[in-house]
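> how would this look folded up:
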Amino acid sequence: MIGVIDTEGDCAEWTFPAEATAARRARAAVRDRLTAWQLEGLGDIAALLVSELVTNALRHATGPIVVRLTRSDGTVGEADGTAVLRVEVSDPLPDPPRERPARPEDESGRGLQLLASAARRWGTRPGDNGKTVWFELTVPR
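Have a look, this model is predicted:
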């Protein structure tokens, strides 16, 4: 892990080198932070989706991968008052991910479908040095 940033307790960010251990290390970091935030109930799905996005970044990009978590309590940002965990995975490749149909015998190609079905919302945005793929999970009350 290159670094971790913690801002006021509601944000955590890690930078991982683009190497084979990045997905495992990102899953562990996300689970640890969610435990610290007492959001263990989101641990399995958040770790799974982070793993998918980091693995995609490893397949297509060569630079560092940044994972960022932010949590809201529902009092700011969400019009309906929903508390949200936002997870972002950034990499230096500018091309957004493309969903493609996966045949039953394919060993890959289901990550974005999984993301779309499991997340409250998700999307991509370009950045100065690549792109960010993000998703949100509803925080249970």
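
> Show me what counts as buried in the helix or strand hosting Arg125.
Per DSSP states H and E: Arg125 is located in strand 121-127. Residues of strand 121-127 classed as buried by neighbour count (16 or more other C-beta atoms under 10 Å): Trp122. Bear in mind the C-beta positions are built from the backbone N, C-alpha and C, glycine included.

> can you give me the offset of that strand from its chain's centre?
Computed by C-alpha atoms, centre = their mean, to the nearest Å, the chain-centroid distance of strand 121-127 equals 11 Å.

> which other helices and strands contact that strand?
The criterion is 3 or more C-beta pairs under 8 Å, 6 or more residues apart in numbering; DSSP states H and E, and the helices and strands that strand 121-127 contacts are strand 130-138.

> List every C-alpha atom in the strand it packs on, with coordinates, as CSV.
The C-alpha coordinates for strand 130-138 follow below in CSV (Å, rounded to 0.1, in the frame of the first residue of the first chain):
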residue,chain,number,x,y,z
GLY,A,130,-7.7,8.6,-15.8
LYS,A,131,-11.2,7.8,-14.6
THR,A,132,-13.1,6.9,-11.5
VAL,A,133,-15.8,4.2,-11.3
TRP,A,134,-18.0,4.6,-8.2
PHE,A,135,-20.9,2.9,-6.5
GLU,A,136,-23.2,3.6,-3.6
LEU,A,137,-24.7,1.3,-1.0
THR,A,138,-27.5,2.2,1.3
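
> partners of that strand in the sheet?
strand 84-91 (antiparallel), strand 121-127 (antiparallel) (DSSP bridges).

> The next helix or strand after the longest one to strand 130-138, inter-axis angle?
The reference is to strand 84-91. Under the assignment DSSP H and E, the closest C-terminal helix or strand after strand 84-91 is helix 111-118. Angle, helix 111-118 to strand 130-138, by axes from the mean of the first three to the mean of the last three C-alpha atoms, to 10 degrees: 30 degrees.
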